[in-house]
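Colleague: How does the following fold in three dimensions:
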Amino acid sequence: MKFKLTLLLVCLCYFAKAQKTIRLDDVDQKDTINTERAVIYGTFVQRLNAMTSGGLNQEIYLRDTATQELYVFRAKPLFKSAKQHNFIFFIKPGTYAIVEYMYQKSTWYGFKQFEQQIRKPEGSLYLFTLAPGSINELGTWHFEKEKVSFENTAEAVNEKLKQTYQKLDFTKTVQNIPR
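Modeller: Sure, this is the predicted structure:
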């Protein structure tokens, strides 16, 4: 009887579903943009240092305010320990709220996962709006402290990305710092 109950609980836990998340597609060097999607890019500054991050990934969750769909992108790739990372992804046009930051801290027994709801000091959400076919510079995302902030750093990031993603026209970039 204990075995059957345990098996039932394991199956329930395994098949239980929370809200479905949609992972954003990476932009490849040969990709171009069309009117069905937009490009977002910027720089992410992680919470942890190289020793405590352990090269574990860190993710940002975005919610489409019109459809309520939840999107996720990896702000810090797996096995990378630098404090700052550039990101560039395709996403559907629309208005997005930054809702959550998930990171993992390396410990002696593996890792410990943390999730932080992202809000402005007055409690509202950070928002940004993307037009169809647009390339959007989202600035530098400072997540190194619990109180997050965003700053405009377009020129430094643009030069690096222009060399890598030559099929995208970065001269038409829209500055779209989350507000």
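
Colleague: quick one, what contacts Tyr41?
Modeller: Each residue near Tyr41 by CB atoms under 8 Å, 6 or more residues apart in numbering is listed here: Val27, Asn86, Phe87, Ile88, Phe89, Ile135, Asn136, Glu137, Leu138, Val157, Leu161. Yep, even glycine has a C-beta here, placed from its N, CA and C like the rest.

Colleague: Phi first, then psi, for the residue nearest to Ala97 when sequence neighbours are not counted.
Modeller: Spatial nearest neighbour of Ala97, excluding adjacent residues (CB to CB, 6 or more residues apart in numbering): Leu125 at 4.0 Å. Main-chain torsions, Leu125, degrees, to the nearest 10: phi -90, psi 150.

Colleague: and Leu125, what does it touch?
Modeller: Applying CB under 8 Å, 6+ apart to Leu125 gives the contacts Ala97, Ile98, Val99, Ile118, Arg119.

Colleague: Show the subsequent helix or strand relative to the worst-scoring helix or strand of the chain on mean pLDDT.
Modeller: Across the helices and strands of the chain, the lowest-confidence element by mean pLDDT, DSSP states H and E is helix 50-53, at a mean of 52. Heading C-terminal from helix 50-53, the first helix or strand you meet, by DSSP states H and E, is strand 58-64.

Colleague: Alpha carbons of that next one, as CSV, please.
Modeller: The C-alpha coordinates for strand 58-64 follow below in CSV (Å, rounded to 0.1, in the frame of the first residue of the first chain):
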residue,chain,number,x,y,z
GLN,A,58,20.3,32.7,-14.6
GLU,A,59,17.0,33.5,-16.2
ILE,A,60,14.6,36.4,-16.7
TYR,A,61,10.8,35.9,-17.0
LEU,A,62,8.7,38.3,-19.1
ARG,A,63,4.9,38.4,-19.4
ASP,A,64,3.2,39.6,-22.5
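
Colleague: So what are the sheet partners of that strand and their directions?
Modeller: strand 70-76 (antiparallel), strand 94-107 (antiparallel) (DSSP bridges).

Colleague: quick check: mean pLDDT across the first one?
Modeller: Translated: strand 70-76. Average pLDDT, strand 70-76: 91.

Colleague: so after it, what's the next helix or strand?
Modeller: strand 84-91.

Colleague: So for that following strand, what gets flagged as buried?
Modeller: Neighbour-count burial for strand 84-91, counted by 16 or more other CB atoms under 10 Å, picks out His85, Phe87, Ile88, Phe89, Phe90, Ile91.

Colleague: Cool, thanks, signing off.
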